[in-house]
Each structure stands twice: as structure tokens, then as C-alpha cells.
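In: fold the following and give me the result.
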Amino acid sequence: MAALKVMWPASDFTVADYQRQVSAFWRNAVWVFKKLARRELRAAVRWHTTELLEHTFALLEEEARLAGRAPRPEARKAEQWLDERRLKQTEVSLAPDQRVLARALRQAIDLFVDVSAKVAAQRGFKLPDHSEVERWLRAGLEKLVVQAKS
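Out: Okay, here's the model as predicted:
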């Protein structure tokens, strides 16, 4: 049982790791949006939970490390190492409903934009410019929300 208390060694979070996580998030955000637009809602739920959150939590873990906290991989015990703000931002409700998923994707984008900028600034990484895809996604999500209300 004592071995369970030993801290897992954290590997260095390199600029290549950062670039990989950021690029993968935006690629998968587009994929989730496409699934939403096609009304493939269960696929959108799956991609949101397995892909978007995976890349978001990789950066949240790095942010926690930089703040002197001891994060666990795969969001284990995240309630202990996320700060209050991040706990609120990671409260996500999902359902196979176009409006619910559109709101969740907007929420994921807001969180990811914030945490990716913060990690880049703290680690001295160049923040990649994904503003065009972000604008495209936000405009498309707004249309989906308006459509779904009709």
C-alpha cells in the first residue's frame, strides 16, 4: 500500500508536446462540429469526451504542474489538483442533443483557448494561431444553436 503513495514521475512537457496537443484539439474540434452539423450526435458526444477532453486535460495538467500542484494523468483525482476556476470550466453536460453539444463545444473552446495561452506564456512557447478555425467554429456553432431553436 505504501507504493501507492509514491508520486508518479512527470515527463517534461516540451514545445513539441504542446504543439501536438494544441493542433490535435483544433483538428478534433472541427471534427466534433462536423458531426454536430450532420446530426451525428452520438459520434459528436464520443469525440468530445475522448478527444477534446484528452487534449484539454493534457494542458490542464501542465498548468497545474506550473502552479506547483501535483496533477495525475487522465484527469484522475482532478478535483484535488484543479483550481476552483478550472473545476467550474470543466463542468460539462453532454447529451445527444444538437444545442447541448454546441454549447459544450463552445465551452470546450473557451477553456482550451484560455489554458493553451496560459501554458504557452508560462513555458515561453509560441502560441500557434488558430484564430481562423476558432472564428469559423464559433460562427458555425452559433448557426447550429439558432437552427436548433427553430
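In: off-centre distance for whichever strand or helix holds Glu54?
Out: Per DSSP states H and E: Glu54 is located in helix 53-66. Centroid displacement of helix 53-66 relative to its chain, using Cα atoms, centre = their mean, to the nearest Å, is 9 Å.
In: just checking, what packs against it?
Out: Using 3 or more Cβ pairs under 8 Å, 6 or more residues apart in numbering; DSSP states H and E as the contact test, the elements touching helix 53-66 are helix 15-37, helix 78-81, helix 98-123. From N, CA and C alone the C-beta is placed, and that goes for glycine too.
In: want to throw those into a markdown table with mean neighbour count, distance to Trp47 and mean pLDDT?
Out: As requested, the helices and strands packed on helix 53-66 are exported to a markdown table (neighbours: other Cβ atoms under 10 Å; distance: least, Cβ to Cβ, whole Å; pLDDT from 0 to 100):
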| stretch | mean neighbour count | distance to Trp47 | mean pLDDT |
| --- | --- | --- | --- |
| helix 15-37 | 18 | 5 | 96 |
| helix 78-81 | 14 | 20 | 94 |
| helix 98-123 | 19 | 10 | 96 |
